[in-house]
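>>> dropping a prediction and its sequence here:
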Amino acid sequence: MRGNYMLSAVTKALADHFGGEIAVANETVIQDVPGEYLFASQINSEQKPSNWRFHDRFYFFDIRFHPDGKIQTQNKRMAEIAERLRECLAYIETDDQPVKAASMRTETQDGVLHFFVDYPLRVLLKPPADPKMLGLSIDENLKE
């Protein structure tokens, strides 16, 4: 699994949950949107060896909610969206398996809600190729 694969799964979960109510984007910021929109981006990834060929891989995402500037109660709207994001992103569906979020947190900066979520995956790496056996020569000596 790669980061783009996980980003697609997160974006699909957002689009399925919010439907046509709020525009959802990833990779490129939507310009001149009349209203609210969500922007999903992968901000980091990390991989740690676990045991033998297994590794624990973590994908970190930032989902930004850009509210409509005309709404007077933006804090209330951001709290509502944060709760909906918690429900929506607790589990995401991938082709291989559902993935559970390890942690979620929110932060508001410059009138934009940042929803941080990370997903851990157990990855099995391919073993290194064993060297092929070369020719074998046998010498026999008898002692008298």
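Arrived safely, thanks for sending. Residues are numbered from 1 along each chain as shown.
>>> sec struct for residue 8, please.
Secondary structure state of residue 8, per DSSP: H, G, I helix; E, B strand; the rest coil, is helix.
>>> burial of it, as a residue count?
16 (other CB atoms under 10 Å). C-beta: built from backbone N, CA, C; applies to glycine.
>>> what pLDDT does it get?
pLDDT recorded at residue 8 is 90.
>>> apart from its neighbours in sequence, what residue is nearest it?
Once flanking residues are discounted, residue 8 sits nearest to residue 26: 7.9 Å by CB to CB, 6 or more residues apart in numbering.
>>> surely that neighbour meets residue 11?
Yes. Using CB atoms under 8 Å, residue 26 is in contact with residue 11, at 4.7 Å.
>>> mind listing the shared neighbours of those two?
residue 40 (CB atoms under 8 Å, 6 or more residues apart in numbering).
>>> gap between the residue nearest to residue 8 and residue 90?
From residue 26 over to residue 90 the distance is 19 Å, taken as CB to CB, to the nearest Å.
>>> ok, those two, which is more surrounded?
Under the neighbour definition other CB under 10 Å, residue 26 and residue 90 were set side by side, and residue 26 has more, 19 against 13.
>>> now residue 104: closest residue in space that isn't a chain neighbour?
Spatial nearest neighbour of residue 104, chain neighbours left out: residue 117 (4.8 Å); criterion: CB to CB, 6+ apart.
>>> which neighbours does the strand or helix carrying the one you found have in its sheet, and in what orientation?
Assigned by DSSP states H and E, residue 117 falls within strand 112-124. Here strand 112-124 is paired, per DSSP bridges, with strand 54-66 (antiparallel), strand 103-109 (antiparallel).
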